[in-house]
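K.L.:
Sequence first, predicted coordinates after that:
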Amino acid sequence: MPGTLYLFPNLISDGTVTTALPPDVRSLAGRIDHWLVEAAKSARGAIRTFGHPKPVAELSIVEIGHDPDPTQIDAWLEPLRAGFDMAVLSESGCPGVADPGAQIAARVQAAGGRVVPLVGPSSILLTLMASGLDGQRFRFLGYLPIREDERRAAIKHAESESRASETQLFIETPYRNSSMMTSLVETLAADTRLTVATDVTGAAESIRTMRVDAWKRFWLEQPEEARALPKLPTVFALLAAPSGAVAPRYAPVGASRKGEKKGEKHGTFAKSVKSDKRGKPAGHRAQAAKSSHADRTSTGRPTKGARR
């Protein structure tokens, strides 16, 4: 495939185009005339916001939906085979990360084509960065179940998994933020740390991490009618106290730095990192797991306003 497929990040909060997208990314948008988008209507507005010099009516904008039809992908990629560059654009955030795009990228990869991810906002990673929770091992769960009993069971399971120092992240549709918060503070252990990140990158951004007992006092001491999170895109993250006296690990067990003996310690706990020839850490990539489409279907299809 002579053309290049770009995975184009979209804004996760309105009015942030100059702060959330680097100038070279916005400039590149103006040179792409063929777009595969999750939703055509919102994509047209986004492309205008990026500053495309052509009227959007003159662009090729193909709606692929949230779950692209695999039988249509080859036809969608015909401009790429003809030598034109193309871009995949989701409703918000980064294509292929809790959003459509992976199927398109996989088809181009299989054909030996060039796939280029572009720098842009991801509420999942930005939340993790600011949370103070373990960023070495983490799992993204997508949407938790809607039914109360199933949701609380999923919360307990996530908390149990996090005791191995694996941060658990998930999202919710804005109008269910408050009911999710109630479920969390009533279900999680008192010493579990909980992050609530609302309107990430936006004017009303709030990213706060506290123990659940502190959240519970803050939440339940308010009158029931006053218990409300803003109806804005929100990411939740949690990390339970480790089972046993285990400090957070920032390298695999037994790893060592170049020139060191295995098992040497640094500071209060082992943080030895085996380096490659360029001096970069090796062998300890973060383990991020996304929920599958089947998981999403069983827990309620994502709705507009839930941004990644």
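P.N.:
Sure, I can see it.
K.L.:
So for the stretch of helix or strand Arg26 belongs to, what gets flagged as buried?
P.N.:
For Arg26, the element it lies in under DSSP states H and E is helix 23-29. Residues of helix 23-29 classed as buried by neighbour count (16 or more other CB atoms under 10 Å): Val25, Arg26, Leu28, Ala29. Bear in mind the C-beta positions are built from the backbone N, C-alpha and C, glycine included.
K.L.:
Next, the contact list for the nearest residue to Ala29 once chain neighbours are set aside, please.
P.N.:
Counting by CB to CB, 6 or more residues apart in numbering, Phe50 is the residue found nearest to Ala29 once chain neighbours are left out, at 3.9 Å. By CB atoms under 8 Å, 6 or more residues apart in numbering, the residues touching Phe50 are Val17, Leu21, Arg26, Ala29, Gly30.
K.L.:
one more time with 7 Å
P.N.:
Val17, Arg26, Ala29 (CB atoms under 7 Å, 6 or more residues apart in numbering).
K.L.:
Quick one: the strands in the protein, in order.
P.N.:
Taking DSSP state E, the strands of the chain run over residues 4-8, 34-37, 60-63, 86-89, 114-117, 138-143, 167-172, 193-198, 206-211, 234-239.
K.L.:
could you dump the ones you listed to CSV with mean pLDDT, mean neighbour count and distance to Glu186?
P.N.:
Shown next, in CSV, are those (pLDDT from 0 to 100; neighbours: other CB atoms under 10 Å; distance: least, CB to CB, whole Å):
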stretch, mean pLDDT, mean neighbour count, distance to Glu186
strand 4-8, 97, 23, 39
strand 34-37, 97, 24, 40
strand 60-63, 97, 14, 40
strand 86-89, 97, 26, 39
strand 114-117, 97, 16, 39
strand 138-143, 94, 21, 19
strand 167-172, 96, 25, 16
strand 193-198, 97, 22, 12
strand 206-211, 96, 16, 15
strand 234-239, 97, 26, 14
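K.L.:
which one of those lies closest to Ala46?
P.N.:
strand 86-89 (6.5 Å; CB to CB).
K.L.:
mind checking how far the residue nearest to Val108 when sequence neighbours are not counted is from Pro100?
P.N.:
Counting by CB to CB, 6+ apart, Val108 lies nearest to Leu5, which is 4.8 Å off, once chain neighbours are set aside. Using CB to CB, to the nearest Å, one obtains 13 Å as the distance from Leu5 to Pro100.
K.L.:
same thing with Trp76?
P.N.:
Counting by CB to CB, the gap from Trp76 to Pro100 is 12 Å.
K.L.:
Show the pLDDT at Arg26.
P.N.:
Per-residue confidence (pLDDT) for Arg26: 95.
K.L.:
Start at 53, not 1
P.N.:
Okay, using 53 as the starting number, the last item reads as Arg78.
K.L.:
Would you confirm that it contacts Pro105?
P.N.:
No - Arg78 is not in contact with Pro105 according to CB atoms under 7 Å; the separation is 11.5 Å.
K.L.:
hang on, the earlier thing: columns distance to Ser230 on top of the strands of the chain, output as CSV?
P.N.:
Shown next, in CSV, are the strands of the chain (distance: least, CB to CB, whole Å):
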stretch, distance to Ser230
strand 56-60, 33
strand 86-89, 31
strand 112-115, 32
strand 138-141, 31
strand 166-169, 34
strand 190-195, 16
strand 219-224, 10
strand 245-250, 11
strand 258-263, 14
strand 286-291, 10
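K.L.:
wait, which of those is closest to Pro122?
P.N.:
Per CB to CB, nearest to Pro122 of the strands of the chain: strand 86-89, 13.4 Å.
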